[in-house]
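Participant: Give me a 3D structure for the following:
(2 chains, ligands or ions: 2)
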Amino acid sequence: MTSLTRDPSRSSYYVTDEFYSDLIAAFTDWQGDDRAVSDLGERDLFRRLIEREARLLDQVNYEAWLQLYLPECIYWAPSTPNAGDPRREIAVMFDDRRRLEDRIFRLRTGYAWSQAPQSRTVRLVTNVETFAGKSAQERMVRANFQINEFWDGEMRLLAGWSGYRYVLSGGEWLIAAKQINLIECDRSLRNPSIIL
Amino acid sequence: MTGLRSTKPVTGASLGYDWSELVQEDRVHRLIYADPQIFAAEMSNIFGGIWVYIAHESEIPNANDFVTRRLGQRPMIVLRDSAGKLRALFNRCTHRGTTLTRAEKGNAKSFSCPYHGWNFLNTGQLRGVPWADGYACDFRDSTYNVAQAPRVESYRGFIFVTLNEKMPPLRDWLGGITKPIDEWLDRNPGGKVKVCEANRFKFKGNWKLAYDNSSDGYHVIYSHRSLIETEARFQDGPKGMSYYKNSPDSLDMYVKYTGNGHHFKDKRPNLEKRPGGLWAIESVHPGMEHVEEKFRRLYGARADSLLDLAGSEPVNINIFPNLSLLGNHIQVFEPVSVNETNAVWYGTMIEDETGELGEAVQDINALRMRTQEQFPNFGEVDDLANFEQIQRGLDCLEDEWVYMHRGLGIAGRIKHHPDGSITGPATDEVFMREYIAQWRRLMECDPDLTVTREIAP
Ligand code: FES
Ligand SMILES: [Fe+2]
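Facilitator: Ligands and ions are numbered 1, 2, ... in the order given. All right, here's what the predicted structure looks like:
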């Protein structure tokens, strides 16, 4: 496995054409009753993970937040409501591991003027539904979100739903990909500088 | 004079300002960014009175394709009709004013008004109204055809419109700025790009704050400090923005004013002049090492020039008042109100019609998406936050002046060329002074804006 010799925090060898195809396939037609996981215990498990993620982001604890992700992960906010092919469509955000770490590094420099002052956020995550993934080691999870953001004296609301691709890795469920679907993704956003 | 108020739209000439007081050689008055009346006049004198970029041909490639845009604040439908002709229709029903479509884009031979059902061909021609026998008028009269811009012209895919019949042909108006536009296009196979969605922003500030910034080399090292530090975190050699670190004015890059408000920041002279010279300063992006390794394996020496196609061209080509080609982006400024603006960063990809790139085009375009997402995410957000803070600072009513005098009065710093263009060092504000002088000349006018309507065949 080349991935072990090539640290995804330093270089990006894993974002290949096959990787994109697999990602798109995972996020196509996955939210159907036929694939719904009825086990409420499992739903609770993922709800706990997603609520914890929301708390870590509200606490601006990015380092702990990153631990929720697989080393070779994708953080993706499409710019169209039906999330086209990111190989042919600019996204609001499409970060691999290194770019996510860039994002955090930048916010920590003290010179990210878009986050001076830093936003205060309170996130609500709800409507958690679990769906079968490609294998027993994979789950697809949907959760709606509302981010209440207070920045520079003003309140605003960001709303949408996230799709998560969770993978069982070393006995832990980690996020392989998070697709953040802002309901206003194809409209002009004001200061989209926080992590969603 | 009747003494009654005019029903004509406000123009600069009608405002009664002494424009030479508002725009001086070294500074401008806060009102040019803050006065709602000046903004209202700009919607005629600038966004309507001159050629204004409105859409790209690749967004409406087929007959009957349309996109909805704004010309200033006027809702518009930009389309290619069944005969292939480009048109810019007011998105406004001639009955009572309802917009004819609310879609962002689509394909339609005709538009039916959702209110009472008047139906119009996409040429603007009224096709029919429900219960026409209830009207005494003759609907073949062109009065009821949709209003449209009298002039629509495209320069190599960039569609511009004006409501001013007196404007020179688009090509002449663009003048010297066509050279960098040509170079920007011709680096791509077929000399073309295709628009592929956008990073869309809005900020609470006047649109000129963004245009002032568009060739500004002075702000980079400070406004983008977080990005520059991020790009340097692996200490793996200089990246795109690092030019500005030490003494940018001593480098070969320059800023050039080419007339009619257009200007150009050219950082290409800093590059190593070889295939791969652009790629060498490219920041880090998702998938880049994979693609580079694959290309070197498959294409050998040709890999460098292929990788350059995914890299960001180090230019800022600014076409007054609202278009900026930078990196691989087509950025458009949309004035919303005196203190609100949209800045839309349309991405571009390569369409390899002749197949000269073979399968490589897939990887180039995928990588090109990722290179284009970086700056809007990690750079533009900080500029926009700073523009908002300028707008806030402008609320200090008694501190009236905004300066743009960097480089002014230093002997030998600014060069005037035989073709009329003016150049200065990369951090110079000469482009700002020149474009705002042009803005002032335009605002002093009382332009005669018109629309046309199709004549019944
Ligand atoms: S307003 Fe359009 S048909 Fe009446
Ligand atoms: Fe900038």
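
Participant: What segments of chain A are helices?
Facilitator: A:2-5, A:17-26, A:40-58, A:62-66, A:97-108 (DSSP state H).

Participant: Tell me which of these sits nearest to chain B.
Facilitator: helix A:97-108 (4.5 Å; Cβ to the nearest Cβ). In this view, the C-beta of every residue, glycine as well, is placed from N, C-alpha and C.

Participant: end-to-end on stretch B:66-76?
Facilitator: Start to finish, the residues bounding stretch B:66-76 are 10 Å apart (Cα to Cα, to the nearest Å).

Participant: wait, stretch B:137-149
Facilitator: Using Cα to Cα, the two ends of stretch B:137-149 sit 25 Å apart.

Participant: just stretch B:200-210 next, same as before
Facilitator: Terminal-residue distance, stretch B:200-210 (Cα to Cα): 14 Å.

Participant: How about that stretch and chain A, any contact?
Facilitator: Yes: for stretch B:200-210, a contact with chain A is found by Cβ under 8 Å from any Cβ of the partner chain, at B:Arg200, B:Phe201, B:Lys202, B:Phe203, B:Lys204.

Participant: Format these as a markdown table; extra columns: secondary structure, neighbour count and pLDDT.
Facilitator: Shown next, in a markdown table, are those (DSSP: H, G, I helix; E, B strand; the rest coil; neighbours: other Cβ atoms under 10 Å in any protein chain shown; pLDDT from 0 to 100):
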| residue | secondary structure | neighbour count | pLDDT |
| --- | --- | --- | --- |
| B:Arg200 | strand | 23 | 98 |
| B:Phe201 | strand | 22 | 98 |
| B:Lys202 | strand | 18 | 98 |
| B:Phe203 | strand | 26 | 98 |
| B:Lys204 | coil | 18 | 98 |
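
Participant: Check those residues one by one and keep those near ligand 1.
Facilitator: Applying Cβ under 6 Å from any ligand atom, the subset of those adjacent to ligand 1 is empty.

Participant: Just the closest of these to B:Leu185, please.
Facilitator: B:Leu185 lies nearest to B:Arg200 out of the residues of stretch B:200-210 next to chain A, by Cβ to Cβ, at 23.2 Å.

Participant: re the thing from before, just tell me which of the helices of chain A ends up closest to B:Trp118.
Facilitator: Between the helices of chain A, helix A:17-26 lies closest to B:Trp118; by Cβ to Cβ that is 42.6 Å.

Participant: Which positions in that closest one come out as buried?
Facilitator: Going by neighbour count (16 or more other Cβ atoms under 10 Å in any protein chain shown), the buried part of helix A:17-26 is A:Asp17, A:Phe19, A:Tyr20, A:Leu23, A:Ala26.

Participant: How about that helix and chain B, touching?
Facilitator: Yes: against chain B, helix A:17-26 shows contacts by Cβ under 8 Å from any Cβ at A:Asp17, A:Tyr20.

Participant: now for that helix, which elements pack on it?
Facilitator: helix B:360-375 (3 or more Cβ pairs under 8 Å, 6 or more residues apart in numbering or on different chains; DSSP states H and E).

Participant: relative to helix A:17-26, how tilted is the helix it packs on?
Facilitator: Angle of helix B:360-375 versus helix A:17-26, following axes from the mean of the first three to the mean of the last three Cα atoms, to 10 degrees, is 70 degrees.

Participant: With just CA atoms, put helix B:360-375 into PDB.
Facilitator: The C-alpha trace of helix B:360-375 is given here as PDB (Å, rounded to 0.1, in the frame of the first residue of the first chain):
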ATOM      1  CA  ALA B 360      -4.500  13.800 -20.000                       C
ATOM      2  CA  VAL B 361      -7.200  16.400 -20.200                       C
ATOM      3  CA  GLN B 362      -9.300  14.600 -17.600                       C
ATOM      4  CA  ASP B 363      -6.500  14.800 -14.900                       C
ATOM      5  CA  ILE B 364      -5.600  18.300 -16.000                       C
ATOM      6  CA  ASN B 365      -9.200  19.500 -15.500                       C
ATOM      7  CA  ALA B 366      -9.600  17.700 -12.200                       C
ATOM      8  CA  LEU B 367      -6.500  19.300 -10.900                       C
ATOM      9  CA  ARG B 368      -7.400  22.600 -12.300                       C
ATOM     10  CA  MET B 369     -10.600  22.500 -10.200                       C
ATOM     11  CA  ARG B 370      -8.500  22.000  -7.100                       C
ATOM     12  CA  THR B 371      -6.000  24.700  -7.900                       C
ATOM     13  CA  GLN B 372      -8.800  27.200  -8.500                       C
ATOM     14  CA  GLU B 373     -10.500  26.400  -5.200                       C
ATOM     15  CA  GLN B 374      -7.500  27.400  -3.200                       C
ATOM     16  CA  PHE B 375      -7.300  31.100  -3.500                       C
END
